[in-house]
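Chemist: based on what follows, work out the 3D shape:
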Amino acid sequence: MEVLPHAPSKEAYRAAMVLSGAGDALGYRNQHWEFCTSGPQIHQELQELGGLGKICAALPDWPVSDDTVLHLATAEALATGKDGELLFQEMARRYVEAMKDMKGRKPGPSSILGTSQLCPGEPGGYRIPFNPSGTGCGAAMRSMCIGLRYPRPSDLKTLVQVSVESGRMTHHHPIGYLGALASALFTSYAAQGLPLECWGSGLLKTLPLALEYVQGGVVESDSNSEAWAYFQEKWERYLSERGVADGQGPAQFPPDYNPTERDAIYKTFSLEGWAGQSGHDAPMIAYDALLGAGDSWEELCGRAMFHGGDSDSTGVIAACCWGLTHGFRGVPEGNHMELEYRGRMVSAADALYRLAWGQMSV
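Modeler: Below you'll find the model as predicted:
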C-alpha cells in the first residue's frame, strides 16, 4: 500500500461528510434557494437572515435534500466493505430504500425513474436501460464518498468502475454518470493533497479509462459511445477559459466575478440553462468555487451554495472537497453542529476512513 505525502486525518473525513451535508442544507434552504433563479436575491436574503454566521442549519427550517440522503446511501453501502457485484447490489438496495425518505426533499426525475427500475438481489438487478434523458446531476451529487473509499492513485481503476456503475444505476447517460466519476475523482484528489489547478486536467486524463470500461461491458456500449463527447468538450472549454487546461495555475477569473456575473457565466456551463442541473456542470461549478474560495468557507458558500442554479447539488460537492482539505476551520458551528443526519455522516466517515487507510493515527 503506497504512502501518500499528505494522507488525510479521520477528522478531515468527518469534515468532508458533514460539511457536504451542510452545503446541501444551505444551498437547499428547504426548497427555497435551490429553486431561486437569482443569486443576488439569495445573497440579499442571506444578509436579511444576519449572514452565514447566524444560520443554524437544523430542522425544521434547514433539512438536507435528496442529495445528502442519496450520498449517505452510497457511503453506507461502501462502509459495508463489500466490493464488485456484492457492492453494486448493496448500492442498488440502499438507493431504492432511500427513496422512501424523500418527503419534501425534491428528488430529480432520473433518480425517481432509475430507482424504480432497479431490482436489487436479482442477477444484474443494479443495471437499468440507457436513458437519453439521464443527464442530470443526481449521480454526481451522491458520489463524493467513493473518493473517500478509494483515495489512492492505485485505487483509480476501482474508483472509475464503482463511480460509473453507481452513477448509471439511475443516470444511464455519459453526462449523468461521468458526473459521478468527476465528484469521486475530485474527492480522491483532495485526499491526496493535489493542487486544485490540476484536478480538471486529471479528470480529462481519466475519461479514456472510463470509456474503456464502458465499451468493454455488455451494457449498451454503442449508445454510450455515441453520447460520450459532450461531457469532455464542455470540460475542455471550461478549463481553457480558466487557464488551467495544462494543470497549472493560477486560475483566471473575470475581473468582477460577483453574484450577477456568476449567474450568467454558470448558465454558459449548463446543458439547458439551469446551472448545476446536469452531470457535467454540477462538479464544474463546485470546482470553479473551490478554485476561487481558497480557505474561506464563506467565499465557498457564496460561490457554490448561493447562486441562481441547482445550488444544493453544487454545494454538496464543493463542501465535501473543501472539508477534506480544510476541516471545520472557519466554519460557524451553527452551519453544521445540529445538521439532520449528522450522526450518520460521522459514522460513515469513520467507516470509510478505516477501510481506506487502515489503523493510521488520526
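
Chemist: pick out the least confidently modelled helix or strand of the chain, by mean pLDDT.
Modeler: helix 221-226 (a mean of 91; mean pLDDT, DSSP states H and E).

Chemist: ok, then the element right after the helix or strand where residue 45 lies?
Modeler: Using DSSP states H and E, residue 45 sits in helix 39-48. Scanning forward in sequence from helix 39-48 by DSSP H and E, the next helix or strand is helix 66-78.

Chemist: name the helices or strands packed onto the following helix or strand past that following helix?
Modeler: Counting by DSSP H and E, the element after helix 66-78 in chain order, helix or strand, is helix 84-98. Counting contacts by 3 or more CB pairs under 8 Å, 6 or more residues apart in numbering; DSSP states H and E, helix 84-98 packs against helix 66-78, helix 109-117, helix 156-167. C-beta here means a position set from N, CA and C on the backbone, and glycine is covered the same way.

Chemist: what's the spacing between the nearest residue to residue 221 once chain neighbours are set aside and residue 208?
Modeler: Closest residue to residue 221 apart from its sequence neighbours, by CB to CB, 6 or more residues apart in numbering: residue 215 at 4.8 Å. From residue 215 over to residue 208 the distance is 10 Å, taken as CB to CB, to the nearest Å.

Chemist: can you check residue 39 too?
Modeler: Taken as CB to CB, the span from residue 39 to residue 208 is 35 Å.

Chemist: what about the stretch 1-150 of the chain, any weak spots by pLDDT?
Modeler: Applying pLDDT under 70 to the stretch 1-150 of the chain flags residues 1-5.

Chemist: repeat that for 80
Modeler: Counting by pLDDT under 80, the ranges of the stretch 1-150 of the chain that qualify are 1-6.

Chemist: from what I see, residue 12 and residue 324 are in contact.
Modeler: Yes. Under the criterion of CB atoms under 8 Å, residue 12 makes contact with residue 324 at 5.2 Å.

Chemist: ok, now which ones touch the closest residue to residue 93 other than its chain neighbours?
Modeler: Among residues not flanking residue 93 along the chain, residue 120 sits closest, at 3.9 Å (CB to CB, 6+ apart). By CB atoms under 8 Å, 6 or more residues apart in numbering, residue 120 lies in contact with 89, 90, 92, 93, 96, 126.

Chemist: list the contacts for the residue nearest to the last one when sequence neighbours are not counted?
Modeler: Spatially, and ignoring its direct neighbours in sequence, residue 126 is nearest to residue 92 (3.8 Å; CB to CB, 6+ apart). The neighbourhood of residue 92, defined by CB under 8 Å, 6+ apart, consists of 118, 119, 120, 125, 126, 169.

Chemist: farthest pair in those?
Modeler: Farthest-apart pair in those is 119 and 169; separation 11.0 Å (CB to CB).

Chemist: these two: who's more crowded?
Modeler: Just comparing residue 119 and residue 169: by other CB atoms under 10 Å the higher neighbour count belongs to residue 169, 27 against 15.

Chemist: touching, the more buried one and residue 126? I think so.
Modeler: Yes. In this structure, residue 169 is within contact of residue 126 by CB under 8 Å, at 5.6 Å.

Chemist: which residues do residue 12 and residue 324 both contact?
Modeler: Listed as contacting both residue 12 and residue 324 by CB under 8 Å, 6+ apart are residue 191.

Chemist: which one of those two has more residues nearby?
Modeler: residue 324 (31 against 21).

Chemist: my guess is that one meets residue 17, correct?
Modeler: No. Using CB under 8 Å as the test, residue 324 is too far from residue 17 to be in contact (9.2 Å).

Chemist: between those two, which contacts overlap?
Modeler: Contact criterion CB under 8 Å, 6+ apart; residues shared by residue 324 and residue 17: residue 148.

Chemist: OK, contacts around residue 157?
Modeler: Counting by CB under 8 Å, 6+ apart, the residues that residue 157 touches are residue 209.

Chemist: show me where the stretch 251-362 of the chain dips below the pLDDT cut-off.
Modeler: Residue ranges of the stretch 251-362 of the chain with pLDDT under 80: 359-362.

Chemist: please redo it, this time with the cut-off set to 90
Modeler: Applying pLDDT under 90 to the stretch 251-362 of the chain flags residues 358-362.

Chemist: between residue 169 and residue 126, which contacts overlap?
Modeler: Common neighbours of residue 169 and residue 126 (CB under 8 Å, 6+ apart) are 88, 91, 92, 118.
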